[in-house]
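Peer 1: Please find the sequence and the predicted model below.
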Amino acid sequence: MAIRFDNRVAIVTGAGAGLGEQHAKLLASLGAKVVVNDPGGAVDGRGTAAAVADKVVAEIKAAGGEAVASYDSVATWAGAQNIVKTAMDNWGRMDILVANAGILRDKSFNNMDMEDFEVVMQVHLMGTVYCTKAAWQIMRSQRYGRVVVTTSGSGTVGNFGQANYGAAKMAVNGFINVMRHEGQNYNIKLNAISPSARTRMTESLIPAEVAEWMKPELVSPAVAYMCSEQCDFSGEIIGANAGHYRRVKYFEAEGVQFDPAEPVTVDMFAEALPKVMDISHPIEHGMSSRRLADRLKAMGRIK
Ligand code: NAI
């Protein structure tokens, strides 16, 4: 069965360049009506350039697709509401949100101004939150929605000089982890893409030997799938780079269980540390209260 987006309306934020441009073009080529949102500007978020969104809209239309430009910033609540309004005014519905807009203000934490921290949080985290909030009532009332947020290895693994960016990128994972529960009864699925691709944002970071294969358009199929009716999972992270795709999960160690009826000293903890840290028998990270009950039953502390 071919995946298509006929009669679906999508918003792609930051769609004037890089990954967002490819996501927008792929969705449009498969029948979606697309709001190409991008105020333009430099990688650090300074300045604006309406032309970037206009160019992508023109290219989508030239290829026979339907698209409209939006120049609002995701970083304000009013801007996000206007982006969603653009979809509603043009097509009367809104099914898909790809929260892709992003900037960088890299510096070691020691040298980072708080403004650089806050602006990055505002675009990546609050931009994702504002756009989702603006779309939420609409998606709930139509009992359908697909949201794809954009995370990064900078959050899940960490990267020197990106305390602001890593914090924001990890935060969107926490956001969808909760929202997947809240969207569950309304067929709203929220997932994350963890991309790696050659764009202006990463030009100087990607090793030269692999750069030619790190095509942004190779990330978009995973994003489009998570935007589709066929996608039946929620709260997942899919990593994608150079044609490689994989699920990203968190795991925990078996750990050590002391008798909770007795005090635990720091020295006891220190001695148990090898077991606490031993991840050779990984368990999928999850709500731990059920496993705790099993362990306490085995110890005879609960029935
Ligand atoms: P890019 O710089 O080519 O594209 C980002 C786009 O977002 C730009 O066109 C920019 O004008 C737009 N944008 C910036 N602030 C905005 C705002 N306030 N409102 C709306 N649009 C805004 O960068 P790239 O690489 O395409 O990044 C896309 C997303 O993927 C970002 O969220 C980025 O953090 C993320 N990402 C990229 C990776 C990569 O390897 N390229 C790796 C991990 C994550």
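Peer 2: All right, it came through fine.

Peer 1: For the stretch 101-250 of the chain, what lies in contact range of the ligand?
Peer 2: Residues of the stretch 101-250 of the chain lying close to the ligand (Cβ under 6 Å from any ligand atom) are 101-103, 123, 127, 150, 152, 195-197, 199-202. (Each C-beta comes from the backbone N, C-alpha and C, glycine too.)

Peer 1: The protein: strands as residue ranges?
Peer 2: 9-13, 33-37, 66-70, 96-99, 145-150, 188-196, 237-241, 244-248, 251-252, 283-284 (DSSP state E).

Peer 1: can I get those strands in a markdown table with mean neighbour count and mean pLDDT?
Peer 2: Shown next, in a markdown table, are the strands of the chain (neighbours: other Cβ atoms under 10 Å; pLDDT from 0 to 100):
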| stretch | mean neighbour count | mean pLDDT |
| --- | --- | --- |
| strand 9-13 | 30 | 99 |
| strand 33-37 | 30 | 98 |
| strand 66-70 | 21 | 98 |
| strand 96-99 | 31 | 99 |
| strand 145-150 | 26 | 99 |
| strand 188-196 | 25 | 98 |
| strand 237-241 | 21 | 98 |
| strand 244-248 | 12 | 98 |
| strand 251-252 | 12 | 94 |
| strand 283-284 | 10 | 90 |
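
Peer 1: Filter the residues of the stretch 101-250 of the chain next to the ligand down to the buried ones.
Peer 2: Neighbour-count burial (16 or more other Cβ atoms under 10 Å) applied to these gives Ala101, Gly102, Ile103, Val123, Gly127, Thr150, Ser152, Pro195, Ser196, Ala197, Thr199, Thr202.

Peer 1: Can you report how many residues lie near Ala50?
Peer 2: 14 (other Cβ atoms under 10 Å).

Peer 1: For the residue lying closest to it once chain neighbours are set aside, give me its contacts.
Peer 2: Among residues not flanking Ala50 along the chain, Tyr71 sits closest, at 5.1 Å (Cβ to Cβ, 6 or more residues apart in numbering). Tyr71 is in contact with Asn37, Asp38, Pro39, Gly40, Thr48, Ala50, Ala53, counting by Cβ atoms under 8 Å, 6 or more residues apart in numbering.

Peer 1: All set, thanks.
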